[in-house]
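J.: I need the structure of the sequence given here:
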Amino acid sequence: ASLLRQFRQRDLYPRTEPPTGKVQQSLLTLSASEGTLYFTLDQTDPRLHGGKLAPRALRYSQPISITSAQKIKARAAAGPPTALEWSALVEF
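T.: Predicted coordinates:
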């Protein structure tokens with residue numbers, strides 16, 4: 001926690017917390033403490049370089065049906081649309 005705080009103070013790690021997930025009966029439920037959740041089903045990052053939303057990114061609104069071989073990548077985005085701060089990338 002101390003190291004993460006130091007990284008955030010130096011703008012080396014985003015202040016927006018990454019999403020968390022829980023799998024039950026082949027459904028992935030995502031949540032985040034703030035912001036809007038975006039995810040992809042094709043193992044690409046929901047965020048493009050430069051901070052824009054990737055074309056294949058989907059906005060999370062309900063549990064995602066998954067298979068055991070599938071990998072979901074997700075991020076939370078917080079702030080105004082012109083200055084989004086993205087969380088770290090997580091994979092489920």
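J.: quick one, strands of the chain?
T.: 20-24, 27-31, 36-40, 58-59, 64-65, 73-78, 85-86, 90-91 (DSSP state E).
J.: what number of residues lie near residue 23?
T.: For residue 23, the count of nearby residues is 14 (other Cβ atoms under 10 Å). Bear in mind the C-beta positions are built from the backbone N, C-alpha and C, glycine included.
J.: rewinding a little: out of the strands of the chain, nearest to residue 10?
T.: Taking Cβ to Cβ, strand 85-86 is the member of these nearest to residue 10, at 15.0 Å.
J.: can you redo the strands of the chain as CSV with distance to residue 10?
T.: Compiled in CSV, the strands of the chain are given as follows (distance: least, Cβ to Cβ, whole Å):
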stretch, distance to residue 10
strand 20-24, 25
strand 27-31, 28
strand 36-40, 26
strand 58-59, 31
strand 64-65, 34
strand 73-78, 19
strand 85-86, 15
strand 90-91, 22
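J.: Please work out which of the ones you listed is packed deepest.
T.: strand 73-78 (a mean of 24; mean count of other Cβ atoms under 10 Å).
J.: So which residue is dead centre in this protein?
T.: The chain has residue 75 as the residue nearest its centroid, 1.1 Å off, counting by Cα atoms, centre = their mean.
J.: closest to residue 8 out of the strands of the chain?
T.: strand 85-86 (10.9 Å).
J.: So what are the sheet partners of that closest one and their directions?
T.: strand 73-78 (antiparallel) (DSSP bridges).
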